[in-house]
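1. Give me the fold of what follows.
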Amino acid sequence: MKDVVSKKTRQNIQRDIEQGNLGKVRDRLHGLLVTYPNELSLRKELGDIYFHLQDLQMAGRYWYLEKEKTVEMTHACRLFEKRCGDNPDIIARALKFKGDKEQIHGLRIQEMLSQTQRTVIEKLIEPPEEEMRGDKLIVAGCALIFLTVVSLLIIGVYTVCTWLF
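-> Residues are numbered from 1 along each chain as shown. From the prediction side, this is the model:
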């Protein structure tokens, strides 16, 4: 892993692993993943923790973007795909990848496990059309709220002026 995670945090994680506090390690890694979404190695570590916690589907979720998978990783990824109904749209949303799309662009070149995984990687790289539609609706909604507030403000000022004069 790069030097993005402080030495103290790394020591705390190692101490918690040695003490068997895997739940605490899981929580720390989730926090680090939110802070450093481009660090794919954090996803691998989180998958390792879920594997030790015997939650193979969650391990598969975090190992899914790993380039070189072991047999256990492949099995866990397949369980994760099954949990999502082998639907690439659901899998892509469940991965919750918030990092730079270029980070996973190289994964397209690699030999993938299945057609489903190739499709998921493509969906992660290209923004879904429905998200872009949702963004337009949000902008339109905000504009409508702004115009309503301005209209009510003008009506209020006009009403106060008619009372006073």
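
2. can we go C-alpha only for contacts and neighbour counts from here?
-> OK.

3. Would you state the helices of this protein in chain order?
-> 7-18, 22-35, 40-52, 56-63, 71-83, 88-95, 101-105, 115-125, 129-164 (DSSP state H).

4. Present these as TSV; the columns should include mean neighbour count.
-> Converted to TSV, the helices of the chain look like this (neighbours: other C-alpha atoms under 10 Å):
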stretch	mean neighbour count
helix 7-18	13
helix 22-35	16
helix 40-52	20
helix 56-63	26
helix 71-83	19
helix 88-95	18
helix 101-105	15
helix 115-125	18
helix 129-164	11
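
5. Export these to TSV and append columns for mean pLDDT.
-> Formatted as TSV, those follow (pLDDT from 0 to 100):
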stretch	mean pLDDT
helix 7-18	88
helix 22-35	90
helix 40-52	91
helix 56-63	92
helix 71-83	91
helix 88-95	86
helix 101-105	72
helix 115-125	74
helix 129-164	86
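
6. For the residue nearest the centre of the chain, give me phi and psi.
-> The centre of the chain sits closest to residue 96, judged by C-alpha atoms, centre = their mean, with a distance of 2.2 Å. Note on residue 96: backbone dihedrals following degrees, to the nearest 10 are phi 50, psi 50.

7. again, but for residue 55
-> Dihedral angles for residue 55 - degrees, to the nearest 10 - are phi -110, psi 80.

8. just use 748 as the starting number from now, easier for me
-> New numbering, starting at 748: the last item is residue 802.

9. Which parts of this structure belong to which domain?
-> Under the assignment automatic domain parsing, the domains of the chain span 754-873, 876-912.
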